[in-house]
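Colleague: only geometry, no sequence info:
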């Protein structure tokens, strides 16, 4: 997928576990896992807002556009 | 609740059709004889009519089986799943085969033209419903993967 999710990086910076983040943003750990692994088809603004609020970052820190043929 | 009753009624109808199909399977030659006597048909069409029925019987049974599984899934709350799309595809294929059998049979029994047209129309309806289910499965998947 052309949109890469850098949630792991932001979570590591904030030293927050998946369970805690899921609880704070109000989604299940299974859904957070779908988001982290890039299997999600879409993300709601409300979810993105909650993530940014909890992690103290901007949407651009979490979402990154990469070209399809750019594997690096 | 009303919706559940409707699905259950459909399932009961499928079971009743299955029982009727089985009963007809055992009495097909006798029923054909009665039909021929009633409409004054020549003796030569007896074997082709019975052959047509027994050729269609397995496909009709398979369609009823698929409908039974489909309705059981719907009652169980599993509506827009890939298995249901596959079942609808199988039903359309079985109906298509039945259409072909009726088409061939209509050359010796002209009234089978009507059944050929009806069966072809049913194939069309089932194909459209199958396409709707396939689209719904994609939408459901996307919805489930929206976090």
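Modeller: Received, thanks. In this text, all values refer to a predicted model and were calculated from it rather than measured experimentally.
Colleague: can you list the residues of chain B near chain A?
Modeller: B:141-142, B:145-147 (CB under 8 Å from any CB of the partner chain). Every C-beta, even on glycine, is put in place using the N, C-alpha and C of the backbone.
Colleague: can you pull out the strands in chain A?
Modeller: Along chain A, counting by DSSP state E, strands occupy A:3-5, A:63-65.
Colleague: out of the ones you listed, which is the most enclosed?
Modeller: Across these, averaging neighbours per residue (mean count of other CB atoms under 10 Å in any protein chain shown) puts strand A:3-5 on top, at a mean of 15.
Colleague: can you name every helix or strand that the helix of greatest length in chain B contacts?
Modeller: For chain B, the helix with the greatest residue count under DSSP state H is helix B:2-39. Helix B:2-39 sits against helix B:46-75, with contacts defined as 3 or more CB pairs under 8 Å, 6 or more residues apart in numbering or on different chains; DSSP states H and E.
Colleague: after the helix it packs on comes which helix or strand?
Modeller: helix B:82-105 (DSSP states H and E).
Colleague: what does that following helix rub up against?
Modeller: Identification of contacts with helix B:82-105 by CB atoms under 8 Å, 6 or more residues apart in numbering or on different chains yields B:48-49, B:52, B:55-56, B:59-60, B:62-63, B:66-67, B:69-70, B:73-74, B:78, B:112, B:115-116, B:119-120, B:122-123, B:126-127, B:129-130, B:133-134, B:137.
Colleague: now that helix, how far from the centre of its chain.
Modeller: 7 Å (CA atoms, centre = their mean, to the nearest Å).
Colleague: just stretch B:41-49 next, same as before
Modeller: Taking mean C-alpha positions (CA atoms, centre = their mean), stretch B:41-49 and its chain are 25 Å apart.
Colleague: can you measure across it, start residue to end residue?
Modeller: Stretch B:41-49 has an end-to-end distance of 11 Å (criterion: CA to CA, to the nearest Å).
Colleague: roughly how far apart are residue B:32 and residue B:38?
Modeller: 11 Å (CB to CB, to the nearest Å).
Colleague: looking at the two, which has the bigger crowd around it?
Modeller: residue B:32 (19 against 8; other CB atoms under 10 Å in any protein chain shown).
Colleague: quick one: contacts for that one?
Modeller: B:46, B:49-50, B:53.
Colleague: from those, keep the buried residues only.
Modeller: B:49, B:53 (16 or more other CB atoms under 10 Å in any protein chain shown).
Colleague: and which of the contacts of residue B:32 is nearest chain A?
Modeller: Nearest to chain A out of the contacts of residue B:32 is residue B:53 (CB to the nearest CB; 49.0 Å).
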